[in-house]
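Enquirer: Okay, predicted coordinates and the sequence, questions at the end:
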Amino acid sequence: MDPVIKIAFWAIVFIGAHLVVTSSWVRPRLVAAMGEQPYRGLFSLLAFVTLIPLVVVFAYNKHAGPLLWTLRDFEAVRWLSWVLMVAALVLLVAGLMTPSPVAIGGSPDARARGVLKLTRHPSFVAFALFGFAHMLMNGFVGDVIFFGTFPVLGILGGWHQDSRKLASLGESYRRFVEVTSFFPGLALISGKQHWQSSDTPWTALGASAVLTVALVLLHPMLFGGAPLG
């Protein structure tokens, strides 16, 4: 099978599995049949067993297919890629540290604070930024499909989660959606939210700095090539 087709196949399986299993048609039936905790375990397992083949196929077929663009020699683009990656790490860590009504065990009446004032889906936005950062530096068709999987998952996943939570939580989540934004910074620009010094995720910023250094040092060993390559 053509390497690009193999990458595309597993990318579709990975995204499709997430959307199907968490859909408003499938999820309630699975939860009713097995319970909430077993469902979460099943979802985690499914995410794992669909991601691993995608990563393995890509690892053996890097830079497959025609070259669509080459931006590595542009210093400004390289800096942009790094900014996107650092932002992704900050959002991911800060999102894990900030209670949200969409998180497991989160309160449906939770108010936006910290990173949630920037985006109500920090983890999904982090996935998207990670993908975009690597797409800039990897212009082969196979690379674009692999790294493009993460923005697609981030955008569709955020939209899908909003729809599901609106249906399950009702008015409390609707109020949360009305005063926040999916697109980073839009709620702040529109005046729906106001950033305060207490909202700055200092711990997440520190942890992200450590992760960035670790990524630079370990990337060649773990993934081969330079970071973002």
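Expert: Thanks, I have the structure now. Numbers count the residues shown, from 1 in each chain.

Enquirer: Run through the helices of this structure in chain order.
Expert: Using DSSP state H, the helices assigned to the chain run over residues 3-21, 27-34, 36-59, 75-97, 122-137, 141-169, 171-178, 186-189, 202-222.

Enquirer: okay, now the domains of the chain?
Expert: Segmentation of the chain into domains, based on automatic domain parsing, reads 1-61, 63-222.

Enquirer: Please identify the deepest-packed of those.
Expert: Of all the domains of the chain, domain 63-222 carries the top mean neighbour count, a mean of 17, counting by mean count of other Cβ atoms under 10 Å. Yep, even glycine has a C-beta here, placed from its N, CA and C like the rest.

Enquirer: coming back round to it: for the helices of the chain, please prepare TSV with the additional fields distance to Leu116.
Expert: Shown next, in TSV, are these (distance: least, Cβ to Cβ, whole Å):
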stretch	distance to Leu116
helix 3-21	22
helix 27-34	23
helix 36-59	22
helix 75-97	8
helix 122-137	7
helix 141-169	13
helix 171-178	9
helix 186-189	9
helix 202-222	12
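
Enquirer: picking that back up, for Leu228, find the nearest of the domains of the chain.
Expert: domain 63-222 (4.4 Å; Cβ to Cβ).

Enquirer: tell me how far that closest one is from the chain's mean position?
Expert: Between the mean C-alpha point of domain 63-222 and the mean C-alpha point of its chain there is a distance of 6 Å (Cα atoms, centre = their mean, to the nearest Å).

Enquirer: For Phe182, give me its contacts.
Expert: Applying Cβ atoms under 8 Å, 6 or more residues apart in numbering, one finds that Phe182 lies in contact with Thr119, Arg120, His121, Phe124, Val125, Gly158, Trp159, Asp162.

Enquirer: Is it possible to get a markdown table of those residues that adds distance to Pro184 and pLDDT?
Expert: Conversion of the contacts of Phe182 to a markdown table gives the following (distance: Cβ to Cβ, whole Å; pLDDT from 0 to 100):
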| residue | distance to Pro184 | pLDDT |
| --- | --- | --- |
| Thr119 | 5 | 96 |
| Arg120 | 10 | 94 |
| His121 | 9 | 94 |
| Phe124 | 11 | 95 |
| Val125 | 6 | 97 |
| Gly158 | 11 | 92 |
| Trp159 | 15 | 92 |
| Asp162 | 15 | 91 |
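
Enquirer: and for stretch 53-67, what are the contacting residues?
Expert: Under the criterion Cβ under 8 Å, 6+ apart, external residues in contact with stretch 53-67 comprise 3-4, 6-7, 10-11, 13-14, 138-143, 146, 149, 223-224.

Enquirer: what's near enough to touch the residue nearest the centre of the chain?
Expert: In the chain, the residue lying closest to the centroid (Cα atoms, centre = their mean) is Phe127, at 2.3 Å. The neighbourhood of Phe127, defined by Cβ under 8 Å, 6+ apart, consists of Ala88, Phe150, Pro151, Leu153, Gly154, Gly157.

Enquirer: 10 Å instead?
Expert: For Phe127, the contacting residues are 88, 91-92, 121, 149-155, 157-158, by Cβ atoms under 10 Å, 6 or more residues apart in numbering.
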